[in-house]
Every structure is written in structure tokens, then in C-alpha cells.
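**Q** below: sequence and its predicted model.
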Amino acid sequence: MRPTRTERRRAWISVAVCGLALLAVSPSVHGQIRVGVQAAQVSDSLSVQINSGSSLSISSLTPGAVNSFSGGPVSITTSWTSLKSSRTAVKLYAYFASATSALVHTNSLNTTNIPSTAIQVRMNGSGGYNPLSSTTPFNASASGRLLFTQTINSGNRTSSRTDAMDVQLNLTTLPQLPADTYTGTLRIQAQATP
């Protein structure tokens, strides 16, 4: 029996923070966000850790609208130890490998993918949500966002900070998104510069 239009409009999204794979859902589908972490390779010690936010959800997905995750933000701790005196900043980025196919359909009859611009983030609950639409040092496509820049000086060459990342799925530009399960990988990566 085919689901009704109302049934297709209901969906469930879970966020599992473990390997930053983002699995989003459209009407009548289920998905999850898995968060994986990668730190840039430098001779300094730099790490990123996901502390909480491993189970966020959207209990009812609304097509053509902004859908917020409930259950709290993703807590991210960025730590660095004994940075070289030449280092002036630590930066944290989030990005997808593709701008046009951040979340890819799984049904072979569906050809629609969700672009990175439909995934929006904000840090520490302040300011507006911003789409993943910029290039980063780790990806060539405009599918990422700088999450923060921490200035480094002689007093904080060894330090850490913990931030909260809120995530939204903005479907306002995809009002006719086909019912399917969409999967992708959102990467979080830190860099000490220069």
C-alpha cells in the first residue's frame, strides 16, 4: 500500500556523533547524523573530540521548511599542545566533499540529492545559522564553513576550547524533495596556522 501524502511528510532524523557522517531524511524517511573527526597533520599536537550530541532528532520533518534538530547541540572540544611560536591561530572547519551532493539519495529511482547549502550550522547559540557554502583549506568545493578562529599567543600555546554546534536542515529551496533516505559525510577538521 502506498503511503499517503501526509504520511510521506513525516520523517525522523537522528544524529549519531561518531564519524561525522550526515544522514538526512526527507518526507517519510529516517536518517541520522554521524559526526567523525579529523585533525590536520602538523608537527604540533592538535585534536578534535565530540563530547555529546550523539542522539539529536527531528520528530516530524516539514518539507519546504527549516527543520531544527532537538536534543541539544553537538559539543566539540578542540585541544592543542605546545604549538610552535610561529602559530598565530587555531581554526575549526566543517565541510562536505561535494557542494551539490552533500546528502545523496539511496533509492535508485530518485535522482535528487541535497546540497551542502541546505545544511546550516551556528556555534554557541549566537547569531544566525549559516549554510555550508564556503571553501576550506581541506576541500575545493564550496561546501564548508569556518566554525571558529582562536588567536594563539605566548599565553595559550597549550590550551583547549569547547563549543556547541547547532545543526539545521533547511528545505525551503527543496519543497518537492522526494521521499528517500539521504546519506553523506560532514567532516570536522582543525588547523593550526600558519
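**A** Alright, I've got the coordinates.
**Q** rest of the way, CA atoms for contacts and neighbours
**A** Fine.
**Q** can you pull the contacts of residue 122?
**A** Shown here is residue 122, whose contacts under the criterion CA atoms under 8 Å, 6 or more residues apart in numbering are 128, 129, 130, 147, 165, 166, 167.
**Q** let's see 7 Å
**A** With contacts defined as CA atoms under 7 Å, 6 or more residues apart in numbering, the neighbours of residue 122 are 128, 129, 130, 165, 166, 167.
**Q** how about the helices in this protein?
**A** Along the chain, the segments classed as helices by DSSP state H run 5-8.
**Q** where does pLDDT dip in the chain?
**A** For the chain, the stretches flagged by pLDDT under 70 are 1-43, 54-59.
**Q** make sure residue 130 is actually in contact with residue 120.
**A** Yes. With contacts counted by CA atoms under 7 Å, residue 130 reaches residue 120, the gap being 5.0 Å.
**Q** who's more crowded, the two?
**A** Neighbour comparison, residue 130 and residue 120: the larger count goes to residue 120, with 21 against 18 (by other CA atoms under 10 Å).
**Q** what about the spatially closest residue to that one that is not a sequence neighbour, how many neighbours?
**A** Excluding its sequence neighbours, the residue lying closest to residue 120 (CA to CA, 6 or more residues apart in numbering) is residue 131, at 4.1 Å. When neighbours are defined as other CA under 10 Å, residue 131 has 21 of them.
**Q** any idea how far residue 131 is from residue 179?
**A** Counting by CA to CA, to the nearest Å, the gap between residue 131 and residue 179 amounts to 22 Å.
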